[in-house]
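S.K.: Pasting the sequence and the predicted coordinates here, then a few questions.
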Amino acid sequence: MHLKQFFLVLFVMAMSVSCDFSGKKTRQPISANTYPRWVGDIEHDTTLDKSSFQPCHGDDKVYQYFNMSQGLQFDGEKKAMEDYFLQLYKPVDSEQSGWIRIRFMVNCEGQTGRFRLLEADENYQERPFDKNISSQLMKLARELKGWKIQKMDGTPIDYYQYVVFKINQGNIEKVMP
């Protein structure tokens, strides 16, 4: 009989610890807007983005670049894009080397917007580059034209794209879409 009483007391204690008698809510509910839909979604930021650029189908219907499985969709393909950056980029006298990734959205009309920059050293540790390097690459990426309109089931879609630059002492060593 004592064993039953022991377990009853133990059960009541466990239940009382898990109850909140204060009547105050200690946890905030997680709303659908707390986190992006997918890792890497780019939300509109009025301090960074032009209001004239809009996805055609809303923020919740933007496809990731890997969803289309067609590879890079750019006029002239990788070679044309690579030539564009290598011809227009002005090397910066710098000891900085590493990676710069520019990610952005292409809408159903082939227009680009919502550009975001991620900078890392050669060991992929996040760190800033000289602004003469990163700002120049961002400007060139914003001005780059030629993104093809992607379709899903015959309908033009919005999608994310990226360009990665391998920087070696202020020079572009490699351009990767």
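M.R.: Done, it's in.
S.K.: and the closest residue to G170 other than its chain neighbours, what are its phi and psi?
M.R.: Spatial nearest neighbour of G170, chain neighbours left out: S94 (3.5 Å); criterion: Cβ to Cβ, 6 or more residues apart in numbering. Placement of C-beta: from N, CA and C, glycine included. Backbone dihedrals for S94, given as degrees, to the nearest 10, come out at phi -150, psi 150.
S.K.: contacting residues for S94?
M.R.: S94 makes contact with 129-130, 132-133, 169-170, according to Cβ atoms under 8 Å, 6 or more residues apart in numbering.
S.K.: Tell me how far it lies from Q161.
M.R.: S94 is 27 Å from Q161, where distance means Cβ to Cβ, to the nearest Å.
S.K.: how far away is Q64 from M105?
M.R.: Relative to M105, and taking Cβ to Cβ, Q64 is found at 11 Å.
S.K.: scratch that, I42
M.R.: 6 Å.
S.K.: Now do the shared contacts for these two.
M.R.: Shared contacts of I42 and M105 (Cβ under 8 Å, 6+ apart): 114, 160.
S.K.: Check which helices and strands the strand ranked longest in the chain is in contact with.
M.R.: Ranked by residue count under DSSP state E, the longest strand found in the chain is strand 158-168. Judged by 3 or more Cβ pairs under 8 Å, 6 or more residues apart in numbering; DSSP states H and E, the packing partners of strand 158-168 are strand 62-63, helix 77-88, strand 98-106, helix 131-143, strand 171-176.
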